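**Student:** what shape does this take:
(chains A and B)
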Amino acid sequence: NAGVTQTPKFQVLKTGQSMTLQCAQDMNHNSMYWYRQDPGMGLRLIYYSASEGTTDKGEVPNGYNVSRLNKREFSLRLESAAPSQTSVYFCASSLGQFYSNQPQHFGDGTRLSIL
Amino acid sequence: KQEVTQIPAALSVPEGENLVLNCSFTDSAIYNLQWFRQDPGKGLTSLLLIQSSQREQTSGRLNASLDKSSGRSTLYIAASQPGDSATYLCAVKSGSARQLTFGSGTQLTVLP
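**Tutor:** A predicted model of the protein is given here:
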C-alpha cells in the first residue's frame, strides 16, 4: 500500500537555488494538497488542486509554484529558495473535492533546509 | 480567520490511563473536524473525522466529540498504551474558508 509518496525525503539547498518536490498518489484521489509544517505553527496550506488541471492558492503560496501533471502527480517548485522556506513539506490527497467529508491522506514529508 | 488551539502542548501519562486531548476553535461555522496522529519523522495519519452535523465518532479505543456551539472537540483515548505515544493534531475545515486549519498538536507520551 504505497498511498502518497513524496520524493526526496531530505534536501539541502543554498539560497537562490531551485528545486521541485514530487508527490504521487495511487488511490485514484481527485484532490491533492501541499502543506508546510513549521514548529509552533501547525500545518499551513500552500496550494491545492481540486482536480486534474486545476490549482488554487492556499494560505502561504508566495515563493512557490505547483503543477498537477496528471491525476496521480502534484509537484511543488521553489524557483529561488530562501531560508524562510526551510520547513517540512507534506503532500496530501483526498477522494472528494474540498467541500467533501473525505479524510485527507498524507505522505511522509520532505525535510528541506535552505542555507 | 479560524484559529485552532490545542492545550496542553505536551502530556505524559502512565500506561493504562484514560486520557482526554483538547482542541478549541474560534469560528463555529465548520464543515468538519479531523483528528490526526503524527509519529516522529512521519506524515499524518487520519484517526477520526466528525462532520458538523455529528456529535461524536468512535474507532476502537478512540472517541472524538464535537461541540460546535462552544468551539470545542475532545479526543478520548481509553486504556492508553506506549504505542499511543505520538503527536495528536486536530484540524478544522471551515465553511467559509477553503482550507483545513490545523492546531499545533499535543505531544503524548505514554510511559510503560
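**Student:** can you classify the closest residue to B:C90 other than its chain neighbours by secondary structure?
**Tutor:** In space, and not counting its chain neighbours, B:C90 is closest to B:C23: 3.6 Å by CB to CB, 6 or more residues apart in numbering or on different chains. Every C-beta, even on glycine, is put in place using the N, C-alpha and C of the backbone. Classification of B:C23 using DSSP: H, G, I helix; E, B strand; the rest coil returns strand.
**Student:** got the contact list for B:C23?
**Tutor:** Shown in contact with B:C23 (CB atoms under 8 Å, 6 or more residues apart in numbering or on different chains): B:4-6, B:33, B:35, B:72-75, B:90, B:103.
**Student:** got the residues of chain B near chain A?
**Tutor:** Selection of chain B residues close to chain A by CB under 8 Å from any CB of the partner chain yields B:4, B:31-32, B:34, B:36, B:41-46, B:49, B:51, B:89, B:91, B:93, B:98-105.
**Student:** going by neighbour count, which of the residues you listed are buried?
**Tutor:** Taking 16 or more other CB atoms under 10 Å in any protein chain shown as the criterion, what is buried in those is B:4, B:31-32, B:34, B:36, B:43-44, B:46, B:49, B:89, B:91, B:93, B:98-105.
**Student:** inside strands: which ones of these?
**Tutor:** B:4, B:31-32, B:34, B:36, B:44, B:46, B:49, B:89, B:91, B:93, B:100-102 (DSSP state E).
**Student:** nearest to A:N101 among those residues?
**Tutor:** B:N32 (5.4 Å; CB to CB).
**Student:** show me what that closest one is bridged to.
**Tutor:** B:Q51, B:K93 (DSSP bridges).
**Student:** what residues does the least confident helix or strand in chain B by mean pLDDT touch?
**Tutor:** Every helix and strand of chain B was ranked by mean pLDDT, DSSP states H and E. The lowest is strand B:100-102, at a mean of 90. Applying CB under 8 Å, 6+ apart, the external contacts of strand B:100-102 come out as A:42-45, A:104, B:2-4, B:25, B:34, B:89-94.
**Student:** does chain B sit close to stretch A:48-61?
**Tutor:** Yes: shown here: stretch A:48-61 in contact with chain B (CB under 8 Å from any CB) through A:48, A:56, A:58-59.
**Student:** what is the nearest of those residues to A:V66?
**Tutor:** A:Y48 (8.5 Å).
**Student:** mean confidence score for the helix or strand that the closest one is a member of?
**Tutor:** Assessed by DSSP states H and E, A:Y48 sits inside strand A:42-49. For strand A:42-49, the per-residue pLDDT values average out at 92.
**Student:** relative to the whole chain's centre, how far out is that strand?
**Tutor:** Relative to its chain's centre, strand A:42-49 lies at 7 Å (CA atoms, centre = their mean, to the nearest Å).
**Student:** stretch A:83-95 too?
**Tutor:** Centroid separation for stretch A:83-95 versus its chain: 4 Å, with CA atoms, centre = their mean.
**Student:** can I get the residues of stretch A:48-61 next to chain B in JSON lines including neighbour count?
**Tutor:** Formatted as JSON lines, these follow (neighbours: other CB atoms under 10 Å in any protein chain shown):
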{"residue": "A:Y48", "neighbour count": "28"}
{"residue": "A:D56", "neighbour count": "14"}
{"residue": "A:G58", "neighbour count": "20"}
{"residue": "A:E59", "neighbour count": "16"}
